[in-house]
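Participant: Have a look at this prediction, sequence included:
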Amino acid sequence: MRKALCVGIDSYENIEDLHGCVNDANAVKAALERNGDGTFNFDIKLMCATSENSYITRGNLKDAIEELFKSDSEIALFYFSGHGSIDNVGGYLCTSEIKRPDDGLSLNDVMGLVATSKAHNKVIILDSCFSGEIANKIEMPNFSILHDGTTLLAACGKTEYASEKNGHGVYTDLLVEALYGGAMNLLGEVSPGSIYSYIDRSLGGWEPRPVFKANINGFVSLRKNTPPISIHELQKITKIFKSKYDEYKLDPTYEPDKHEADIKEVNVEHEAIFAILQKYVKLNLVVPVGEDHMYYAAIHHKSCKLTTQGQHYWNLVNKNIKGGRLYVKCIYTTSLEQ
């Protein structure tokens, strides 16, 4: 079971209302609920405060979070969009009724629930002001050290305000884009690390930077999209290139369009290989040698070679084929791989 709690609070009793948080929570719910092929993904509870009739109190929120993390789920994901606050003691998620910052739900208490959770993977995504500082508060022992299987994604740094634009949070807009495929790997999988990398690369130099922390032992997929290449085609990378440093020799028999070629012979097998190589080029796995385009590399009897990223995938395929299985990790597992 994969469970998620998506919370958006626009309406506040004593502090300024927000305008994009409910939209954000609904957008995240829509992205997580089903995979790209329409299959079921997360079982989601949605909580939204749109007016005084739907206020979300501290008690309401804590109860819902406790319910989320108490089950033995494959993944338990908590998403929050709303006001956030900090003081000298720690950080808080601001619920509808608060009168002062420490009236909110303490994130140390939230992370205490996460720390004792039976879920195999716990993912916390915060789109609120100062959410990055919350992750670094030494006064919050449950938060400063992430327990096994825990991932934190926060909208901005320790002194920054989360941004809104056109009725949505900038951070959540990018989060949703990432889930719908912007951050997927070659198998269509989207991980928390790839989401962080996608958001960080998409923001301008003056915009608040996201925060990413994780203590995980394996790959965690939040959504499966239609992959840009099949596993079968990807596996062929070690058959076409015998070594990751090899150049693959081309000639006009590889290119279906031979009007500029000195060889008019049709070779169906070569054309099939060339079609796969063209896919590799689009995915930045292969580049032509001595030409700008693969067409001219074939027509002019040149070659092609693996990029650094292509060599990375060659290693993964080669390693896992020898082990009797194929499991390709996300190329965006963390921003450090970029």
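Facilitator: Structure's in. What do you need?
Participant: Using neighbour counts, pick out the buried residues of the helix or strand containing residue 275.
Facilitator: Taking DSSP states H and E as the criterion, residue 275 maps to helix 268-282. Of all the residues in helix 268-282, those buried under the rule 16 or more other CB atoms under 10 Å are 270, 273-274, 276-281. C-beta: built from backbone N, CA, C; applies to glycine.
Participant: Domains in this protein, by residue range?
Facilitator: What automatic domain parsing lists as the domains of the chain is 2-224, 231-309.
Participant: chain center to the last one, what's the gap?
Facilitator: Centroid separation between domain 231-309 and its chain, computed with CA atoms, centre = their mean, to the nearest Å, is 31 Å.
Participant: could you say what helices and strands the helix or strand containing residue 78 packs with?
Facilitator: Residue 78 belongs to strand 75-81 when assigned by DSSP H and E. Here strand 75-81 touches strand 2-9, helix 21-33, helix 58-69, strand 121-127, going by 3 or more CB pairs under 8 Å, 6 or more residues apart in numbering; DSSP states H and E.
Participant: mind putting the ones you listed in a markdown table, mean neighbour count included?
Facilitator: Output for the helices and strands packed on strand 75-81, formatted as a markdown table (neighbours: other CB atoms under 10 Å):
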| stretch | mean neighbour count |
| --- | --- |
| strand 2-9 | 24 |
| helix 21-33 | 22 |
| helix 58-69 | 18 |
| strand 121-127 | 26 |
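Participant: how about a markdown table for these, with distance to residue 200 and mean pLDDT added?
Facilitator: Below are the helices and strands packed on strand 75-81 laid out as a markdown table (distance: least, CB to CB, whole Å; pLDDT from 0 to 100):
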| stretch | distance to residue 200 | mean pLDDT |
| --- | --- | --- |
| strand 2-9 | 22 | 98 |
| helix 21-33 | 18 | 96 |
| helix 58-69 | 27 | 97 |
| strand 121-127 | 15 | 95 |
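Participant: In CSV: those, plus distance to residue 92.
Facilitator: Converted to CSV, the helices and strands packed on strand 75-81 look like this (distance: least, CB to CB, whole Å):
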stretch, distance to residue 92
strand 2-9, 12
helix 21-33, 16
helix 58-69, 9
strand 121-127, 11
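Participant: Tell me how far the residue most central in space within the chain lies from residue 227.
Facilitator: Against the mean C-alpha coordinate of the chain, by CA atoms, centre = their mean, the closest residue is residue 195 at 2.6 Å. Counting by CB to CB, to the nearest Å, the separation of residue 195 from residue 227 is 17 Å.
Participant: In its sheet, which strands sit next to the helix or strand that comes right after the strand holding residue 78, and in what direction?
Facilitator: Counting by DSSP H and E, the next helix or strand C-terminal to strand 75-81 is strand 84-86. Partners of strand 84-86 in the sheet, by DSSP bridges, are strand 91-93 (antiparallel).
Participant: same question for stretch 209-225, mean pLDDT?
Facilitator: The pLDDT scores in stretch 209-225 average 89.
Participant: And that stretch, end to end?
Facilitator: Length of stretch 209-225, first residue to last, CA to CA, to the nearest Å: 26 Å.
Participant: ok, and for it, which residues are buried?
Facilitator: Buried residues in stretch 209-225, counted by 16+ other CB under 10 Å: 210-214, 216, 220-225.
Participant: So which elements touch the helix or strand harbouring residue 195?
Facilitator: Using DSSP H and E, residue 195 maps to helix 192-202. Under the contact criterion of 3+ CB pairs under 8 Å, 6+ apart, helix 192-202 touches strand 150-154, helix 170-177, strand 211-215.
Participant: Pick the most deeply packed of the ones you listed.
Facilitator: Using mean count of other CB atoms under 10 Å, the stretch among the helices and strands packed on helix 192-202 with the largest mean neighbour count is strand 150-154, at a mean of 24.
Participant: okay, that strand in CSV with CA atoms only?
Facilitator: Output of strand 150-154 as CSV, limited to C-alpha atoms (Å, rounded to 0.1, in the frame of the first residue of the first chain):
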residue,chain,number,x,y,z
THR,A,150,13.0,9.1,5.6
THR,A,151,13.2,11.8,2.8
LEU,A,152,12.6,15.5,3.3
LEU,A,153,11.9,18.0,0.5
ALA,A,154,11.4,21.6,1.5
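Participant: which ones are touching the closest residue to residue 181 other than its chain neighbours?
Facilitator: Leaving aside its sequence neighbours, residue 181 sits nearest to residue 225 (CB to CB, 6 or more residues apart in numbering; 4.4 Å). Residues in contact with residue 225 (CB atoms under 8 Å, 6 or more residues apart in numbering) are 35-36, 180-181, 184, 188-190.
Participant: Kindly recompute the last result at 10 Å.
Facilitator: Applying CB atoms under 10 Å, 6 or more residues apart in numbering to residue 225 gives the contacts 35-37, 179-185, 187-190.
Participant: circling back to that earlier point, OK, contacts around the residue nearest to the residue nearest to the centre of the chain when sequence neighbours are not counted?
Facilitator: Residue nearest to residue 195 in three dimensions, not counting chain neighbours: residue 178, with 4.4 Å by CB to CB, 6+ apart. Taking CB under 10 Å, 6+ apart, we find residue 178 in contact with 31, 184, 190-192, 194-199, 202, 222-223, 332.
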